[in-house]
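> Sequence below, structure please.
(one chain, ligands or ions: 2)
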Amino acid sequence: MREKGGIVPLSKMKYASRATLSAARIFVLTLAAIAVTALFVQAGDKPPDQIPSYVEWTPGTIAEASSGDAFRGLLLARHCAHCHGDEGFAQKANTPNLASMDRLAIWKQLQDFRSGKRVSRPMNAIARQLSSKDVADVVAYYSKLPIFYDPEDNRVFPQAAPDPTQKTMAWRLITFGDGERGIPPCQACHGPEAYRPGAPSLMTQNADYVLDQLEAFAARTRANDINEPMRTISSLLTDDERHALAAYYGAGLGMQPGASARVGGSSE
Ligand code: HEC
Ligand code: HEC
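Numbers count the residues shown, from 1 in each chain. Ligands and ions are numbered 1, 2, ... in the order given. Next comes the predicted model:
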(Lines give C-alpha, C1' and ligand atoms only; values in the text may rest on other atoms or scores of the structure.)
(Ligands and ions follow the chains in the order given, each with its own letter.)
Protein backbone atom coordinates (compact mmCIF):
# COMPACT_ATOMS: atom_id res chain seq x y z
CA MET A 1 0.00 0.00 0.00
CA ARG A 2 1.21 3.52 -0.75
CA GLU A 3 1.43 6.16 2.05
CA LYS A 4 -1.44 8.56 1.94
CA GLY A 5 -1.15 12.40 1.97
CA GLY A 6 2.55 12.31 1.25
CA ILE A 7 3.50 11.89 4.90
CA VAL A 8 6.49 9.63 5.23
CA PRO A 9 7.23 8.14 8.65
CA LEU A 10 10.51 9.40 10.18
CA SER A 11 12.11 5.98 10.19
CA LYS A 12 11.56 5.57 6.45
CA MET A 13 12.80 9.13 5.77
CA LYS A 14 16.13 8.40 7.42
CA TYR A 15 16.41 5.25 5.40
CA ALA A 16 15.56 7.15 2.25
CA SER A 17 18.14 9.90 2.80
CA ARG A 18 20.85 7.37 3.64
CA ALA A 19 19.97 5.45 0.52
CA THR A 20 20.12 8.66 -1.54
CA LEU A 21 23.49 9.54 -0.06
CA SER A 22 25.06 6.21 -0.85
CA ALA A 23 23.50 6.28 -4.32
CA ALA A 24 25.15 9.68 -4.82
CA ARG A 25 28.48 8.25 -3.66
CA ILE A 26 28.20 5.33 -6.02
CA PHE A 27 27.30 7.75 -8.80
CA VAL A 28 30.38 9.91 -8.15
CA LEU A 29 32.65 6.90 -7.86
CA THR A 30 31.25 5.48 -11.09
CA LEU A 31 31.84 8.78 -12.85
CA ALA A 32 35.42 8.86 -11.59
CA ALA A 33 35.97 5.29 -12.72
CA ILE A 34 34.57 6.09 -16.16
CA ALA A 35 36.83 9.13 -16.41
CA VAL A 36 39.93 7.14 -15.44
CA THR A 37 39.03 4.30 -17.81
CA ALA A 38 38.42 6.81 -20.57
CA LEU A 39 41.89 8.24 -20.02
CA PHE A 40 43.47 4.81 -20.31
CA VAL A 41 41.34 3.76 -23.25
CA GLN A 42 42.25 6.99 -25.00
CA ALA A 43 45.92 6.45 -24.30
CA GLY A 44 45.74 2.81 -25.40
CA ASP A 45 43.40 2.89 -28.39
CA LYS A 46 43.69 6.32 -29.86
CA PRO A 47 46.87 8.17 -29.01
CA PRO A 48 47.03 11.69 -30.43
CA ASP A 49 49.41 10.57 -33.20
CA GLN A 50 46.64 8.46 -34.72
CA ILE A 51 44.62 11.54 -35.58
CA PRO A 52 45.64 11.80 -39.23
CA SER A 53 45.45 15.57 -39.62
CA TYR A 54 44.24 18.64 -37.79
CA VAL A 55 42.84 19.97 -41.06
CA GLU A 56 39.06 19.83 -41.40
CA TRP A 57 37.35 20.94 -44.59
CA THR A 58 34.94 23.67 -43.57
CA PRO A 59 33.87 26.86 -45.39
CA GLY A 60 36.39 28.63 -43.10
CA THR A 61 39.43 26.48 -43.97
CA ILE A 62 38.51 26.46 -47.67
CA ALA A 63 38.27 30.26 -47.59
CA GLU A 64 41.62 30.53 -45.79
CA ALA A 65 43.32 28.19 -48.28
CA SER A 66 41.91 30.30 -51.12
CA SER A 67 42.78 33.71 -49.69
CA GLY A 68 46.43 33.96 -50.80
CA ASP A 69 48.22 36.63 -52.79
CA ALA A 70 50.06 34.92 -55.66
CA PHE A 71 52.54 37.78 -56.13
CA ARG A 72 53.65 37.62 -52.51
CA GLY A 73 53.78 33.84 -52.98
CA LEU A 74 56.16 34.30 -55.92
CA LEU A 75 58.60 36.17 -53.65
CA LEU A 76 58.33 33.56 -50.89
CA ALA A 77 58.79 30.72 -53.39
CA ARG A 78 62.40 31.81 -53.92
CA HIS A 79 63.11 29.78 -50.78
CA CYS A 80 61.45 26.74 -52.31
CA ALA A 81 62.84 26.87 -55.86
CA HIS A 82 66.15 25.26 -54.85
CA CYS A 83 64.28 21.96 -54.38
CA HIS A 84 60.91 22.40 -56.14
CA GLY A 85 62.36 24.16 -59.23
CA ASP A 86 61.97 27.67 -60.64
CA GLU A 87 58.79 26.66 -62.46
CA GLY A 88 57.43 24.31 -59.79
CA PHE A 89 59.04 21.22 -61.38
CA ALA A 90 61.80 19.61 -59.31
CA GLN A 91 65.20 18.56 -60.59
CA LYS A 92 65.15 15.35 -58.59
CA ALA A 93 62.57 12.62 -59.12
CA ASN A 94 62.11 12.12 -55.36
CA THR A 95 60.99 15.74 -54.81
CA PRO A 96 57.39 16.61 -55.68
CA ASN A 97 56.39 18.93 -58.51
CA LEU A 98 54.07 21.64 -57.20
CA ALA A 99 53.12 23.46 -60.40
CA SER A 100 49.38 23.65 -60.87
CA MET A 101 48.64 21.41 -57.88
CA ASP A 102 45.23 22.05 -56.37
CA ARG A 103 45.31 24.80 -53.76
CA LEU A 104 43.51 22.76 -51.09
CA ALA A 105 45.96 19.89 -51.55
CA ILE A 106 49.05 22.13 -51.16
CA TRP A 107 47.50 23.97 -48.23
CA LYS A 108 46.65 20.76 -46.40
CA GLN A 109 50.15 19.32 -46.85
CA LEU A 110 51.77 22.50 -45.55
CA GLN A 111 49.44 22.48 -42.50
CA ASP A 112 50.31 18.83 -41.85
CA PHE A 113 54.04 19.56 -42.14
CA ARG A 114 53.57 22.44 -39.69
CA SER A 115 51.71 20.33 -37.14
CA GLY A 116 54.05 17.36 -37.62
CA LYS A 117 51.17 15.14 -38.84
CA ARG A 118 53.24 14.53 -41.96
CA VAL A 119 56.89 13.91 -41.23
CA SER A 120 59.59 15.21 -43.56
CA ARG A 121 63.09 16.24 -42.63
CA PRO A 122 63.25 19.32 -44.85
CA MET A 123 59.57 20.26 -44.90
CA ASN A 124 58.68 20.27 -41.18
CA ALA A 125 61.16 23.05 -40.41
CA ILE A 126 60.47 24.96 -43.64
CA ALA A 127 56.69 24.92 -43.17
CA ARG A 128 56.97 26.04 -39.55
CA GLN A 129 58.86 29.13 -40.64
CA LEU A 130 55.90 30.26 -42.74
CA SER A 131 53.08 32.31 -41.19
CA SER A 132 49.46 31.38 -41.97
CA LYS A 133 49.42 34.20 -44.51
CA ASP A 134 52.67 32.97 -46.09
CA VAL A 135 51.15 29.50 -46.49
CA ALA A 136 48.08 30.91 -48.27
CA ASP A 137 50.35 33.03 -50.49
CA VAL A 138 52.64 30.20 -51.65
CA VAL A 139 49.54 28.08 -52.22
CA ALA A 140 48.10 30.81 -54.47
CA TYR A 141 51.38 30.98 -56.38
CA TYR A 142 52.05 27.28 -56.96
CA SER A 143 48.44 26.44 -57.78
CA LYS A 144 48.56 29.00 -60.61
CA LEU A 145 51.88 27.90 -62.18
CA PRO A 146 51.32 26.37 -65.62
CA ILE A 147 52.39 22.83 -66.50
CA PHE A 148 53.32 23.29 -70.17
CA TYR A 149 56.67 21.90 -71.28
CA ASP A 150 59.65 24.25 -71.16
CA PRO A 151 62.89 22.93 -72.75
CA GLU A 152 64.87 25.60 -70.83
CA ASP A 153 63.74 24.23 -67.46
CA ASN A 154 65.93 21.75 -65.64
CA ARG A 155 63.09 19.39 -64.62
CA VAL A 156 63.15 15.58 -64.56
CA PHE A 157 59.45 15.26 -65.56
CA PRO A 158 58.39 13.49 -67.70
CA GLN A 159 60.59 10.44 -67.46
CA ALA A 160 60.87 7.52 -69.88
CA ALA A 161 57.67 5.54 -70.39
CA PRO A 162 57.45 2.19 -68.60
CA ASP A 163 57.33 -1.12 -70.49
CA PRO A 164 53.94 -2.29 -71.86
CA THR A 165 53.31 -4.75 -68.99
CA GLN A 166 53.77 -2.04 -66.38
CA LYS A 167 51.71 0.35 -68.48
CA THR A 168 48.75 -2.02 -68.67
CA MET A 169 48.98 -2.87 -64.97
CA ALA A 170 48.93 0.81 -63.98
CA TRP A 171 46.29 1.85 -66.49
CA ARG A 172 43.86 -0.80 -65.20
CA LEU A 173 44.27 0.30 -61.59
CA ILE A 174 43.94 3.97 -62.44
CA THR A 175 40.87 3.49 -64.63
CA PHE A 176 39.03 0.57 -63.00
CA GLY A 177 40.78 -0.25 -59.73
CA ASP A 178 40.35 -3.87 -58.67
CA GLY A 179 36.89 -4.72 -57.37
CA GLU A 180 37.94 -8.12 -56.06
CA ARG A 181 40.51 -6.65 -53.72
CA GLY A 182 38.39 -3.58 -52.93
CA ILE A 183 40.74 -1.12 -54.67
CA PRO A 184 38.85 1.88 -56.13
CA PRO A 185 40.19 3.45 -59.35
CA CYS A 186 42.90 6.02 -58.57
CA GLN A 187 41.26 8.53 -60.88
CA ALA A 188 38.09 8.51 -58.77
CA CYS A 189 39.92 10.73 -56.31
CA HIS A 190 42.96 12.01 -58.20
CA GLY A 191 41.19 13.14 -61.36
CA PRO A 192 40.38 13.63 -64.12
CA GLU A 193 36.90 12.23 -63.55
CA ALA A 194 36.25 13.03 -59.94
CA TYR A 195 37.86 14.99 -57.22
CA ARG A 196 38.17 14.83 -53.48
CA PRO A 197 39.37 17.84 -51.43
CA GLY A 198 42.96 17.35 -50.41
CA ALA A 199 43.67 14.69 -53.05
CA PRO A 200 46.59 16.02 -55.07
CA SER A 201 46.69 15.63 -58.82
CA LEU A 202 49.21 12.98 -59.87
CA MET A 203 49.14 13.89 -63.56
CA THR A 204 52.48 15.70 -63.45
CA GLN A 205 54.09 14.03 -60.46
CA ASN A 206 57.58 12.52 -60.35
CA ALA A 207 57.99 8.74 -60.35
CA ASP A 208 60.29 8.28 -57.36
CA TYR A 209 58.20 10.65 -55.30
CA VAL A 210 54.98 8.75 -56.10
CA LEU A 211 56.68 5.46 -55.25
CA ASP A 212 58.09 6.82 -51.97
CA GLN A 213 54.63 8.03 -50.93
CA LEU A 214 52.90 4.75 -51.83
CA GLU A 215 55.50 2.85 -49.82
CA ALA A 216 55.20 5.30 -46.92
CA PHE A 217 51.40 4.96 -46.84
CA ALA A 218 51.65 1.17 -46.98
CA ALA A 219 54.18 1.18 -44.13
CA ARG A 220 52.05 3.81 -42.33
CA THR A 221 55.05 6.10 -41.90
CA ARG A 222 52.91 8.62 -43.79
CA ALA A 223 49.55 8.67 -42.03
CA ASN A 224 48.06 12.10 -42.70
CA ASP A 225 45.30 10.91 -45.08
CA ILE A 226 41.91 11.66 -43.51
CA ASN A 227 39.83 8.42 -43.29
CA GLU A 228 42.89 6.41 -44.41
CA PRO A 229 42.12 5.95 -48.13
CA MET A 230 45.77 5.85 -49.06
CA ARG A 231 47.03 3.71 -46.18
CA THR A 232 44.34 1.19 -47.06
CA ILE A 233 44.79 1.24 -50.84
CA SER A 234 48.61 1.25 -50.81
CA SER A 235 48.75 -1.73 -48.50
CA LEU A 236 46.47 -3.68 -50.87
CA LEU A 237 48.78 -3.05 -53.84
CA THR A 238 51.65 -5.38 -54.68
CA ASP A 239 55.19 -4.08 -54.89
CA ASP A 240 55.09 -4.46 -58.70
CA GLU A 241 51.88 -2.45 -58.88
CA ARG A 242 53.33 0.39 -56.81
CA HIS A 243 56.34 0.52 -59.15
CA ALA A 244 54.13 0.39 -62.25
CA LEU A 245 51.86 3.20 -60.99
CA ALA A 246 54.85 5.39 -60.10
CA ALA A 247 56.46 4.86 -63.51
CA TYR A 248 53.16 5.51 -65.32
CA TYR A 249 52.47 8.81 -63.57
CA GLY A 250 56.16 9.81 -63.71
CA ALA A 251 56.10 9.45 -67.50
CA GLY A 252 53.14 11.83 -67.72
CA LEU A 253 50.80 9.07 -68.91
CA GLY A 254 48.27 9.84 -66.21
CA MET A 255 47.23 13.02 -67.96
CA GLN A 256 44.79 11.14 -70.20
CA PRO A 257 44.45 7.60 -68.90
CA GLY A 258 42.09 6.50 -71.70
CA ALA A 259 44.14 8.01 -74.50
CA SER A 260 47.50 6.74 -73.22
CA ALA A 261 46.10 3.23 -72.96
CA ARG A 262 45.07 3.36 -76.63
CA VAL A 263 48.54 4.63 -77.56
CA GLY A 264 50.08 1.81 -75.52
CA GLY A 265 47.81 -0.70 -77.23
CA SER A 266 46.75 -2.07 -73.87
CA SER A 267 43.01 -1.62 -74.04
CA GLU A 268 41.97 -5.24 -74.25
C1 HEC B 1 65.62 21.25 -49.14
C2 HEC B 1 64.66 20.97 -50.18
C3 HEC B 1 63.28 21.59 -50.05
C4 HEC B 1 62.95 22.92 -49.90
C5 HEC B 1 63.88 24.13 -49.78
C6 HEC B 1 61.49 22.99 -49.91
N7 HEC B 1 60.98 21.71 -50.06
FE8 HEC B 1 59.01 21.23 -50.09
N9 HEC B 1 59.51 19.25 -50.20
C10 HEC B 1 60.78 18.74 -50.26
C11 HEC B 1 60.72 17.29 -50.26
C12 HEC B 1 61.90 16.34 -50.33
C13 HEC B 1 59.35 16.96 -50.19
C14 HEC B 1 58.74 15.58 -50.13
C15 HEC B 1 58.42 15.27 -48.70
C16 HEC B 1 59.40 14.32 -48.18
O17 HEC B 1 59.32 13.16 -48.60
O18 HEC B 1 60.25 14.71 -47.38
C19 HEC B 1 58.62 18.22 -50.17
C20 HEC B 1 57.24 18.29 -50.12
C21 HEC B 1 56.53 19.47 -50.23
C22 HEC B 1 55.09 19.56 -50.35
C23 HEC B 1 54.12 18.38 -50.42
C24 HEC B 1 53.76 18.15 -51.87
C25 HEC B 1 52.86 16.97 -52.08
O26 HEC B 1 52.69 16.61 -53.25
O27 HEC B 1 52.34 16.41 -51.12
C28 HEC B 1 54.77 20.87 -50.42
C29 HEC B 1 53.38 21.47 -50.58
C30 HEC B 1 56.00 21.63 -50.34
N31 HEC B 1 57.06 20.73 -50.21
C32 HEC B 1 56.08 23.00 -50.38
C33 HEC B 1 57.27 23.72 -50.21
C34 HEC B 1 57.32 25.15 -50.09
C35 HEC B 1 56.11 26.08 -50.20
C36 HEC B 1 58.63 25.49 -49.90
C37 HEC B 1 59.22 26.86 -49.68
C38 HEC B 1 58.61 27.70 -48.65
C39 HEC B 1 59.39 24.25 -49.91
N40 HEC B 1 58.52 23.19 -50.08
C41 HEC B 1 60.76 24.16 -49.78
C42 HEC B 1 61.94 19.47 -50.32
C43 HEC B 1 62.03 20.85 -50.15
C1 HEC C 1 39.18 7.35 -52.13
C2 HEC C 1 40.02 8.35 -52.70
C3 HEC C 1 41.38 7.94 -53.21
C4 HEC C 1 41.68 6.92 -54.09
C5 HEC C 1 40.75 5.94 -54.75
C6 HEC C 1 43.11 7.00 -54.29
N7 HEC C 1 43.64 8.03 -53.58
FE8 HEC C 1 45.59 8.56 -53.50
N9 HEC C 1 45.16 10.05 -52.20
C10 HEC C 1 43.90 10.36 -51.75
C11 HEC C 1 43.96 11.48 -50.84
C12 HEC C 1 42.78 12.15 -50.14
C13 HEC C 1 45.33 11.84 -50.76
C14 HEC C 1 45.92 12.97 -49.94
C15 HEC C 1 46.22 12.44 -48.57
C16 HEC C 1 46.68 13.55 -47.67
O17 HEC C 1 45.85 14.34 -47.26
O18 HEC C 1 47.87 13.62 -47.42
C19 HEC C 1 46.05 10.93 -51.62
C20 HEC C 1 47.42 10.95 -51.83
C21 HEC C 1 48.10 10.15 -52.72
C22 HEC C 1 49.50 10.25 -53.01
C23 HEC C 1 50.47 11.26 -52.42
C24 HEC C 1 50.49 12.45 -53.36
C25 HEC C 1 51.29 13.62 -52.90
O26 HEC C 1 51.39 14.56 -53.70
O27 HEC C 1 51.79 13.62 -51.79
C28 HEC C 1 49.79 9.31 -53.96
C29 HEC C 1 51.12 9.04 -54.62
C30 HEC C 1 48.55 8.62 -54.25
N31 HEC C 1 47.53 9.13 -53.48
C32 HEC C 1 48.43 7.60 -55.19
C33 HEC C 1 47.25 6.90 -55.45
C34 HEC C 1 47.15 5.78 -56.35
C35 HEC C 1 48.29 5.26 -57.19
C36 HEC C 1 45.86 5.34 -56.31
C37 HEC C 1 45.23 4.15 -57.01
C38 HEC C 1 45.87 2.87 -56.81
C39 HEC C 1 45.15 6.21 -55.37
N40 HEC C 1 46.03 7.13 -54.88
C41 HEC C 1 43.81 6.11 -55.09
C42 HEC C 1 42.73 9.73 -52.09
C43 HEC C 1 42.62 8.62 -52.90
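
> Now do the domain split for the chain, please.
Per automatic domain parsing, the domain ranges recorded for the chain read 59-144, 164-262.

> Save these as CSV, and put in mean neighbour count too.
For the C-beta atoms, the positions are set from N, CA and C on the backbone; glycine is no exception. What follows is the domains of the chain, written out as CSV (neighbours: other CB atoms under 10 Å):
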stretch, mean neighbour count
domain 59-144, 18
domain 164-262, 18
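
> Quick one: closest of those to ligand 2.
For the domains of the chain, the distance to ligand 2 is smallest for domain 164-262, at 2.8 Å, taking CB to the nearest ligand atom.

> ok so, going back, any idea which of the domains of the chain scores lowest on pLDDT?
With a mean of 91, domain 164-262 has the lowest mean pLDDT of the domains of the chain.

> Doesn't residue 136 lie inside a helix?
Yes: the assignment for residue 136 (DSSP: H, G, I helix; E, B strand; the rest coil) places it in a helix.

> which ones are touching it?
64-69, 107 (CB atoms under 8 Å, 6 or more residues apart in numbering).

> Can you name the residues of the stretch 51-200 of the chain that neighbour ligand 2?
96, 108, 173, 183-184, 186, 188-190, 196, 198-200 (CB under 6 Å from any ligand atom).

> now with 5 Å?
173, 184, 186, 188-189, 198-200 (CB under 5 Å from any ligand atom).

> Which one of these is nearest to ligand 1?
When these are compared against ligand 1 (criterion: CB to the nearest ligand atom), the nearest one is residue 200, at 4.9 Å.

> contacting residues around that closest one?
Taking CB under 8 Å, 6+ apart, one finds 101-102, 105-106, 109, 190 in contact with residue 200.

> thinking again about what came up before, which of the contacts of residue 136 lies closest to residue 57?
If you rank the contacts of residue 136 by distance to residue 57 using CB to CB, residue 65 comes first, at 9.2 Å.

> which residues touch the closest one?
103-104, 107-108, 136, 139.

> ok, it to residue 73 distance?
13 Å (CB to CB, to the nearest Å).

> Overlap in contacts, the two.
Joint contacts of residue 65 and residue 73 (CB under 8 Å, 6+ apart) are residue 139.

> hang on, the earlier thing: now tabulate the domains of the chain in JSON lines and tack on distance to residue 158.
Listed next are the domains of the chain as JSON lines, based on distance: least, CB to CB, whole Å:
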{"stretch": "domain 59-144", "distance to residue 158": "10"}
{"stretch": "domain 164-262", "distance to residue 158": "3"}
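
> Please list all residues in contact with residue 246.
Residue 246 sits in contact with 207-208, 210-211, 214, where contact means CB under 8 Å, 6+ apart.

> On the three-state scheme, residue 216 is what?
Applying three-state DSSP: residue 216 is helix.

> Could you say which helix or strand holds residue 53?
Taking DSSP states H and E as the definition, one finds residue 53 inside no helix or strand.

> how close does it sit to residue 151?
38 Å.

> Count the residues that sit near residue 145.
21 (other CB atoms under 10 Å).

> Surely it and residue 103 touch.
No: Residue 145 lies out of contact with residue 103 (CB atoms under 8 Å); the separation is 11.5 Å.

> What residues does the stretch 1-150 of the chain have near ligand 1?
79-80, 83, 95-96, 106, 109, 120, 122-123, 126, 138.

> Give me the subset of the contacts of residue 246 that lies in helices.
Judged by DSSP state H, the contacts of residue 246 include 207-208, 210-211, 214 as members of helices.

> of those, list those near ligand 1.
Near ligand 1, by the rule CB under 5 Å from any ligand atom, you find none of the ones in helices among the contacts of residue 246.

> got those residues as TSV, with distance to residue 115 columns?
Listed next are these as TSV, based on distance: CB to CB, whole Å:
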residue	distance to residue 115
207	28
208	26
210	24
211	25
214	23
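
> Can you add distance to ligand 2 and give those back as a markdown table?
Output for those, formatted as a markdown table (distance: CB to the nearest ligand atom, whole Å):
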| residue | distance to ligand 2 |
| --- | --- |
| 207 | 10 |
| 208 | 11 |
| 210 | 4 |
| 211 | 8 |
| 214 | 5 |
